[in-house]
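Visitor: Test case, fold it:
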Amino acid sequence: MNRGLICNWLYVEMKKRHGWQADSPIFITALVVSRIVLSFFLIAGTPGSIHAADVAISSTSSEAAAQPPAEPHGYRTDHYRSPVPLTLKGARVLSDGEAMKIWSAKSAIFIDVYPHPPKPPNLPAGTLWRETSHQTIEDAVWLPNVGYGVLSQASDAYFRRNLETLTHGDKAKQLVFFCLKNCWMSWNAAKRALSYGYTNIDWYRDGTDGWQEAGGMVDNVRPLP
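Guide: Next up is the predicted model:
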């Protein structure tokens with residue numbers, strides 16, 4: 001219940017019944033007492049209400065649960081949608097503003113590694129297969145399924161081949177890897193690119209989510225073949 005509405009009602013009733021004015025000492029005293037009583041019932045005395053102490057504990061617990069984990073030595077191989085580290089050894093970690101600055105300068109290749117179900121290898125003859133699209137940062141390329149902790153030989157070859165093509169063989173070309181917020185696939189992919197010998201690697205930690213929250217534009221894209 002809105003306390004302001006109750007107090008307005010109280011003022012109208014007191015004025016109507018007793019002729020009290022808003023600046024009357026009697027009315028002011030009654031108004032203060034009513035606010036105290038209402039606060040007690042609305043906050044402390046109502047079953048199921050949220051107490052200030054409960055809010056503080058919940059907030060502290062949530063913050064503790066959201067603390068970024070330490071950077072692992074190897075690749076992440078499970079629970080890919082979970083809090084990610086703040087760092088990636090050998091790479092730069094970009095904020096939204098830094099990613100936008102690099103994007104505006106057109107100095108890097110932005111690579112989205114959001115996963116995508118591949119075409120089944122044994123579809124019956126005549127079965128139609130339509131590749132789904134995906135919204136990503138404007139002008140970025142989509143290399144799906146290269147961010148898993150363990151890659152098949154085919155996925156590894158696909159990743160290497162496309163990086164070679166995109167960079168024209170220049171391993172010093174600036175590459176920005178991203179996915180979504182709290183997505184280990186971009187962390188894995190950037191780390192793997194470093195293992196391939198690429199030396200100018202950026203990891204955009206908040207990915208497409210952060211980009212859109214910061215006002216960046218997105219496009220519908222299809223995965224590179």
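Visitor: which residues does the residue nearest the centre of the chain contact?
Guide: Nearest residue to the geometric centre of the chain (C-alpha atoms, centre = their mean): K181, 3.5 Å. If a contact means C-beta atoms under 8 Å, 6 or more residues apart in numbering, then K181 has R205, D206, G207, D209, G210 as its contacts. (Glycine included, C-beta is placed from N, CA and C.)
Visitor: Could you give the backbone dihedrals for the fourth one?
Guide: Phi and psi for D209, reported as degrees, to the nearest 10, are phi -60, psi -50.
Visitor: what's downstream of the helix or strand bottoming out on mean pLDDT in the chain, the next helix or strand?
Guide: Ranking every helix and strand in the chain by mean pLDDT, DSSP states H and E puts helix 52-65 at the bottom, with a mean of 35. The helix or strand immediately downstream of helix 52-65 is strand 92-94, counting by DSSP states H and E.
Visitor: Could you identify the helix or strand that succeeds that following strand?
Guide: Per DSSP H and E, the first helix or strand lying C-terminal to strand 92-94 is helix 96-105.
Visitor: What residues sit buried inside that following helix?
Guide: By neighbour count on 16 or more other C-beta atoms under 10 Å, the buried set for helix 96-105 is D96, A99, M100, I102, W103.
Visitor: mean confidence for it?
Guide: Across helix 96-105, pLDDT averages out at 97.
Visitor: what residue ranges in this protein are flagged as low confidence?
Guide: Counting by pLDDT under 70, the ranges of the chain that qualify are 1-66.
Visitor: Now do the domain split for it, please.
Guide: Split into domains by automatic domain parsing, the chain comes to 3-52, 68-119+131-221.
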